[in-house]
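Peer 1: I would like the atomic coordinates for the input below:
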Amino acid sequence: MFDVLDSLKPHAHWLLRIGLAGVFLFHGIGKAMALGSFSQMMGLPTCVWRINVQAATGRWYKRRQ
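Peer 2: I've put the predicted structure just below:
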């Protein structure tokens, strides 16, 4: 049984990464659905709140080269 677990050891870090990504997506999607109301509630401009949502969901725009 431990031989099977030892063979999975090099890939164990992906389990933690997937769990963390899921948490960020869960919280970011809720913010994205009601962008205007969240920004009013927090007293921030919508553009600042949009940056917050993009950071939470991992959707950063690429630089033009």
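
Peer 1: And the strands in this structure, which stretches?
Peer 2: Taking DSSP state E, the chain contains no strands at all.

Peer 1: what bits of it have low per-residue confidence?
Peer 2: The chain contains residues with pLDDT under 70 at 58-65.

Peer 1: What ranges does it have for its helices?
Peer 2: Here the chain has its helices, by DSSP state H, at 2-8, 12-33, 35-42, 46-57.

Peer 1: Mind listing what's buried along the third one?
Peer 2: Just to be clear, that refers to helix 35-42. Neighbour counts using 16 or more other CB atoms under 10 Å place 38-39 of helix 35-42 among the buried residues. In short, each C-beta sits where N, CA and C put it, glycine included.

Peer 1: what angle separates it from helix 12-33?
Peer 2: 90 degrees (axes from the mean of the first three to the mean of the last three CA atoms, to 10 degrees).

Peer 1: can you state the direction angle for helix 35-42 and helix 46-57?
Peer 2: Using the same axes, to 10 degrees, the inter-axis angle of helix 35-42 relative to helix 46-57 is 100 degrees.

Peer 1: Against which helices or strands is helix 35-42 packed?
Peer 2: Using 3 or more CB pairs under 8 Å, 6 or more residues apart in numbering; DSSP states H and E, the elements in contact with helix 35-42 are helix 46-57.

Peer 1: before we move on, back to that, out of the helices of the chain, deepest packed?
Peer 2: Using mean count of other CB atoms under 10 Å, the stretch among these with the largest mean neighbour count is helix 46-57, at a mean of 15.

Peer 1: contacting residues around it?
Peer 2: Helix 46-57 is contacted from outside by 24-25, 27-29, 31-32, 35-36, 38-39, 42, 44, 59-61, using CB atoms under 8 Å, 6 or more residues apart in numbering.
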